[in-house]
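A.B. asks: Sharing a sequence plus its predicted fold:
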Amino acid sequence: MAPSKSTKQAKVFHPDSRKAAQLARTQLRKNKLSVARSQKTKKLVSQADVYGFFYHALPPEGVLSLQELHSLVRDAWLTRHDHELEEEKSARRKGRPKSTKEVKLEEIKLRESEEYRTGWVCKVLDLTHTANVELFRKWDQTEAAYVQMLRFIRITSTDPTVALLSRPGRHPCLRQTDLSQSTSENIGNVDNGNLMLT
C-alpha cells in the first residue's frame, strides 16, 4: 500500500471573520506578555546590580553606621561613573557634540544625585540593622526576589542623621526580631512611613 498523501494544510480565514479576529487578539496578547516579561527581567537585573554593589561594600563583620552608609552612597555609589565620564570627555574633540554614552551617564548621575537629595524610596537596604545584614550576607547575588524580602530605609542628603523605615522586611527572621523589639519597647502601632531611626 502506498502511503496516504493527505497532508494537512493550514486553514486560511477571511480577514474579517471572527476566527481571524480571535487569532489576532491571541497573538497581540502573547506579544504584550513577552514585552512585559522582558521589561521585568531588565528591571530585576538592574536591581540585582544595585544590590550587588551594596553586597560587596559590606564590611566582613558587623553593620554600618548611618554615617558610613551615607558616605558609601555619596563617595562610592554616586561617583562610580566619574571615570567613564572623564574618558568620554577627553576622547571628544573640541567643538564636537557629546556622545550618546556620555549623555546617558550624565543623566544617570543627575537622576541618582537628585534621588539621594530628595530621599531614595525603597532603594537602600538597611545596612544598620543586624538581622537584616546577616540575611543580606546569605544572598546568592543572583536572585533579586530574595532581597525584596529584606528591610529598606529611606535616606536623604539633606538630613543625614535621620533614616525613615520605608519597607519593613517580609522575611520571617526579620518579623520575629521586629516583634521582639516592639514588645520590649512597647511601641504599639506605628505607621511604617513615619518610623524614624536615629
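C.D. replies: Sure, I can see it. The shown structure was predicted, so the numbers you read here are calculated from the model rather than taken from an experiment.
A.B. asks: any low-confidence regions in this structure?
C.D. replies: Confidence mapping of the chain against pLDDT under 70 gives the ranges 1-6, 120-122, 177-198.
A.B. asks: check which helix or strand covers the spatially most central residue of it.
C.D. replies: Note on the chain: the residue nearest the mean C-alpha position is residue 47, at 2.9 Å, using Cα atoms, centre = their mean. Residue 47 belongs to helix 18-57 when assigned by DSSP states H and E.
A.B. asks: next helix or strand past that helix?
C.D. replies: helix 66-72.
A.B. asks: Now do the buried residues in that following helix.
C.D. replies: Neighbour counts over helix 66-72 (16 or more other Cβ atoms under 10 Å) mark 66, 69-70, 72 as buried. Heads up, the C-betas are built off the backbone N, CA and C, glycines and all.
A.B. asks: list the helices and strands it packs on?
C.D. replies: strand 152-155 (3 or more Cβ pairs under 8 Å, 6 or more residues apart in numbering; DSSP states H and E).
A.B. asks: let's see 10 Å
C.D. replies: helix 18-57, strand 124-125, strand 152-155, strand 163-167 (3 or more Cβ pairs under 10 Å, 6 or more residues apart in numbering; DSSP states H and E).
A.B. asks: Adjacent strands (with direction) for the shortest one?
C.D. replies: Strands that pair with strand 124-125, judged by DSSP bridges, come out as strand 152-155 (antiparallel).
A.B. asks: And the contacts of the strand it pairs with?
C.D. replies: With contact meaning Cβ atoms under 10 Å, 6 or more residues apart in numbering, strand 152-155 is reached by 66, 69-70, 73, 116, 118-129, 132, 161-169, 193, 195, 197.
A.B. asks: Can you turn the buried part of the residues you listed into a ChimeraX selection?
C.D. replies: Command for ChimeraX that selects the buried part of those, burial taken from 16+ other Cβ under 10 Å:
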select :66,69,70,73,116,119,120,123,124,125,126,127,128,129,132,163,164,165,166,167,168,169
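A.B. asks: measure the closest residue to residue 150 other than its chain neighbours to residue 111 for me?
C.D. replies: Ranked by Cβ to Cβ, 6 or more residues apart in numbering and with sequence neighbours excluded, the top spatial neighbour of residue 150 is residue 169, at 5.1 Å. For residue 169, the distance to residue 111 equals 27 Å [Cβ to Cβ, to the nearest Å].
A.B. asks: again with residue 90
C.D. replies: Here the criterion is Cβ to Cβ. By it, residue 90 lies 24 Å from residue 111.
A.B. asks: In terms of neighbours, single out the busier of these two.
C.D. replies: residue 111 (10 against 7; other Cβ atoms under 10 Å).
A.B. asks: now the helix or strand encompassing that one, how far from the centre of its chain.
C.D. replies: Here residue 111 sits within helix 100-118, counting by DSSP H and E. Computed by Cα atoms, centre = their mean, to the nearest Å, the chain-centroid distance of helix 100-118 equals 16 Å.
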